Every structure is written in structure tokens, then in C-alpha cells.
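> Give me the fold of what follows.
(2 chains)
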There are 2 protein chains.
Amino acid sequence: MYNLDIILTHQEINVQAVKGKTCIAIDTLRATSTIITALSHGCPEIIPVGSVTEALHMKKNKAYEDYLLGGEIEGQYIENFHLENSPLDYCNGNLQGRGIILSTTNGTRTLKKLKEARIVVICALLNAKAVAEWIIHQKSDVIICCSGRRGSFSLEDFLTAGRLAAELRVEKNNLSISDLAFTAAAFYENIKKSSANNNTIFKILKNTDNGKRLIKAGLEADIKHCSQEDITTLLPQYRSGSIKQIEIPDLKDSMPRTSVI
Amino acid sequence: MYNLDIILTHQEINVQAVKGKTCIAIDTLRATSTIITALSHGCPEIIPVGSVTEALHMKKNKAYEDYLLGGEIEGQYIENFHLENSPLDYCNGNLQGRGIILSTTNGTRTLKKLKEARIVVICALLNAKAVAEWIIHQKSDVIICCSGRRGSFSLEDFLTAGRLAAELRVEKNNLSISDLAFTAAAFYENIKKSSANNNTIFKILKNTDNGKRLIKAGLEADIKHCSQEDITTLLPQYRSGSIKQIEIPDLKDSMPRTSVI
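You can find the predicted model right below:
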């Protein structure tokens, strides 16, 4: 029997908690949604970095000179960057074959703390069902790592974690779920049960702290995009500082790469 | 507009977060349930202490020589103590007029961290509705402080916090509720909605980490007791190191002291 647990903020992640485990990184608004969107629109690789300085430094390296610069600082545009952290930015342009160096506030920091994990997969509502199905085949403890915001709980990350936990709490999955994972699953299921239509998650995300901040910045369309469930089966993996579509030979046929929009 | 937020473990409580705020201390299994039960059975005062040594030292003081010693270490009985941390212990004996020095693992530690709060009220499912009604009259920010277990989230504390948040999320209450408080309210409401009978909360508490530990120790009856909602309107207040029934002259008539069992 393996364990399924959740960590609520990247500040709480430590080596001991994640070492040797299957880790699922979530930053629903917006980093992990952006990463999933970019990869499903032809971007072959994303390098997440922790600061603008690091991004600019990397771009000077000959190996990365063709890479686009993307990201945000506290939700704001960064001068001289090609792309923001808006997932919609990654739908419109031609990303085919172009790598991206991505600097974001919380999402990148979460990934940087997962170096000791057995494997790290990136999740948002956009690909949650595919991630849950993939987890079932892992023979290890699973930690769902929410990014949170400024050291605090983020409802939208907890909701995505709850989506995973709800899929995984079925007994046959041989996963022992923690109090927190149980709570997240019940929270997600409640929202789905009470939803008259598909807009419920969009409405809830608009009302979160992050959602309100994005609306103020005129980015409601981003929330709408990120609130979509299971529009892709793409599984991005973070390994050795780089994010690429996961290579699972035996699952390749059953999980084709699909387009986000 | 005041804010309502939740802290999930006593380890996360810091002076900055609670200073000048109305704080609600929760340790559903079992410290705060025990405190509420003891006060509603005639105990006039409880002194929460952080260790057995501190309890024994205080008992030697002439002012406390008549006090009973109660508490636990990691759920275990303490030698030479009169009472355990089982709320049922506080129903059977004659506590009329007897003060108690109480040493518990998590609950006491939560209280010790709330010295800078504006006011601290003790809550469990047993008195949750009364606490929510009292909160409505407070003109300050409110922090619900869950004790958690060993630094981790406790479902039973979150459920009690959710009960409060569900009562308080009504717009007319003039409280702005955080993402976490919204989540807790939705979690509680889901459980109530799906409950075929009054045993649902009991069943859920039995399945928590703390619940499983108590069942192993033969203390299922404690869980049953602590899972009861609103069986008293008693409001214990923690002030200057001591817990007594709150003195609210204008509410005294409307909130009579009731018996727990």
C-alpha cells in the first residue's frame, strides 16, 4: 500500500518529504497551466528558472540562444521577454520547435524544490485526469505539491489536487490517502456535484485571491482557459532542470499528444 | 469589512498572524472537546500547561494544591494524574468547584502561541454554533487556529473550522473569508449534505489519523462524544494562562450554561 498526500505551499516542501517519491507539481493559476499549454502547442522544451536574471543569463548561452523568454514577476510583464505567463500567449504564436526559458513566481520555485523526487510530473486542471491515470501505474508514494501564493494556501491548487485525489481514492488503486487528500477530494466532489454547468469551476477560480488579482490585471480569459478540465492528456515531466513531454513507451499509443485549444 | 482566515497547525501560528485578532482555538480530538466538557460539568477553571513537569510543578504551589491533574502525552495516560485527556473522564467525576491543570500534546501548545491575540475562545464541534454566533458580534479580524497533529493537517480540526466558516460566510456578517476558509466551509457543507444520518461526522472522525489512533487505544467512545455538534452553548475563554467560561453580561441570558451530557 502506497501513500497519497498533499503539500499546500512550495515553502513547505523539503527534501525529506519528497525524496524518492512521485511528485505532482501544481500551479493552476498559471505556471503549470502555461507549461501544459505550451508543450501541447509544439514547444519541445521548457527550462524553468527562478529569476529574471537567471533567464537572461541562460539566454546568452549559445545552447539556448534560440529559446524564447517567458514569465512574470508577481503577475507582471517582464521587459524584453517574448512571452508573459499567460497560457493564451502560448496558443497564438508559433512555438513549433522553439524552446522556452520560463521565469515564474511560484510554479518555478515549486519545481526547484523537487530535485530529490523519484519523478516529477506537471499538473493543472487541463490534464488532471491523464495525470491521475498515470499515477495509478506508479509503484511509489505520491506527493501532490501545490505551489500556493506567497506562502499561503491557494484554493485553485487545492481544487486541482482534489481532482487527482478524487480519481485516486478508489480502493482498488492501492493508495492510502491522507486526511488532507481526503479533504481535497471531498471538496472537489462537492463542487462538481453542486455544479449546474461547466462554468462552476471558472466562477470559483475567479473568486480566489489569485483570480481576483488576474481579473484586476484584465486577465479573466486566462482564468477561463485554466478552469478547463481534461482538455489534453499531455504529461510534462520535469527532469534535470528541463520540462519535456514524458516518455512512456507503453503508454504512447493510449495517450496521444492532443491540442489544448 | 473584517477578514476570516484559518491556520492549519499550531506550528504555523506566529505573533504577527494573531496579534490583536479574535482567535478561535480548535483541537477537536481531544483537548478543546475535553475543556468544553469539563467546564460544562462544573469545573470553574482549567490551566493549560505544555508539559507534565510544568503540571506537577504548578500543583506544588499552594494556590493550586486542590487542582486536579489531567492530560496526556501522545495520547497516553500520565502516571499520578487524576484524569486523562478523555472528555468522558470529565463527565463522570465530580468536578463541581474543582480546578484542573491540563497537559496535552497539541491543544495546549496552540493556546500558548495565542498570547498576543485580542481574545481567545475555545471551540470544538460540541459548541461550534455558539462560537459562530459569538464571532458575529466581534468587530475584528478572526483567525481560526487548528492544532493539527505533529505539524500536519488534521481533518477533524478542519471540519470544525469549516463548521464555523459555513455559519459565517453569509454576506450580512460583513466578514471577508479567505480561500482556505471558503474551502473549509464547502468541505463541511458537503459532508452535511451527503449525510443520511447524524452518524456521518462520527464515521469521518473515526477514519482520521487521530481517530484511528484513538480506536487502537480503545477510545472510540471519545470520538463519538467529540463528534456531537452543538450540544452546549458554553464559550470557554483563554486569558492570562487560564481558561474560564467567558463573561459576556449582555449575552448571559441568551446563552445559558448547558450540560454536555
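
> how many neighbours does the closest residue to chain B within the stretch 1-150 of chain A have?
Of all residues in the stretch 1-150 of chain A, A:Leu8 sits closest to chain B, at 7.6 Å by C-beta to the nearest C-beta. Glycine gets a C-beta too; all of them are placed from N, C-alpha and C. Residues lying near A:Leu8 (other C-beta atoms under 10 Å in any protein chain shown) number 24.

> Do stretch A:148-165 and chain B come into contact?
Yes: using C-beta under 8 Å from any C-beta of the partner chain, stretch A:148-165 reaches chain B at A:Ser152, A:Phe153, A:Ser154, A:Leu155, A:Phe158.

> just to revisit the earlier point, might you report the residue contacts of the residue of the stretch 1-150 of chain A closest to chain B?
By C-beta atoms under 8 Å, 6 or more residues apart in numbering or on different chains, the contact set of A:Leu8 is A:Cys146, A:Gly148, A:Phe153, A:Ser154, A:Asp157, A:Phe158, A:Leu180, B:Leu8, B:Phe153.

> ok, now with 10 Å
A:Leu8 makes contacts with A:144-148, A:151-154, A:157-158, A:161, A:180, A:184, B:8, B:153, B:180, as judged by C-beta atoms under 10 Å, 6 or more residues apart in numbering or on different chains.

> So which of these are in helices?
Using DSSP state H to define helices, the subset of the contacts of A:Leu8 located there is A:Asp157, A:Phe158, A:Ala161, A:Leu180, A:Ala184, B:Leu180.

> hmm, which two among those residues are most spread apart?
Pairwise distances among those were taken by C-beta to C-beta; the largest, 13.3 Å, belongs to A:Ala161 and B:Leu180.

> any common contacting residues for the two?
The contact sets of A:Ala161 and B:Leu180 overlap at A:Leu8, A:Ser154 (C-beta under 10 Å, 6+ apart).

> Show me which of the two is the more surrounded one.
Neighbours were counted for A:Ala161 and for B:Leu180 using other C-beta under 10 Å; A:Ala161 has more, 31 against 25.

> Can you lay out the residues of stretch A:148-165 next to chain B as CSV showing pLDDT, neighbour count and distance to B:Leu102?
Conversion of those to CSV gives the following (pLDDT from 0 to 100; neighbours: other C-beta atoms under 10 Å in any protein chain shown; distance: C-beta to C-beta, whole Å):
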residue, pLDDT, neighbour count, distance to B:Leu102
A:Ser152, 87, 14, 32
A:Phe153, 92, 21, 30
A:Ser154, 94, 28, 36
A:Leu155, 95, 27, 36
A:Phe158, 97, 27, 34
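
> which bits of the stretch 1-150 of chain A sit near chain B?
Where the stretch 1-150 of chain A comes near chain B, counting by C-beta under 10 Å from any C-beta of the partner chain, the residues are A:Asp5, A:Ile6, A:Ile7, A:Leu8, A:Glu12, A:Gly148, A:Arg149.

> Also the stretch 151-261 of chain A?
The stretch 151-261 of chain A comes close to chain B at residues A:151-159, A:162, A:178-191, A:193-194, A:204, A:207-211, as judged by C-beta under 10 Å from any C-beta.

> Work out for me the element A:Pro48 sits within.
If you go by DSSP states H and E, A:Pro48 is part of strand A:46-49.

> which helices and strands does that strand pack with?
helix A:31-39, helix A:52-60, strand A:68-71, strand A:100-103, helix A:107-112, strand A:236-239, strand A:242-245 (3 or more C-beta pairs under 10 Å, 6 or more residues apart in numbering or on different chains; DSSP states H and E).

> Give me the mean pLDDT for the fifth one.
Averaged over helix A:107-112, pLDDT sits at 86.

> contacting residues for A:Val142?
A:Val142 is in contact with A:2-6, A:21-24, A:118, A:121, A:135-136, A:164-165, A:168, A:175, A:177, A:181, counting by C-beta under 10 Å, 6+ apart.
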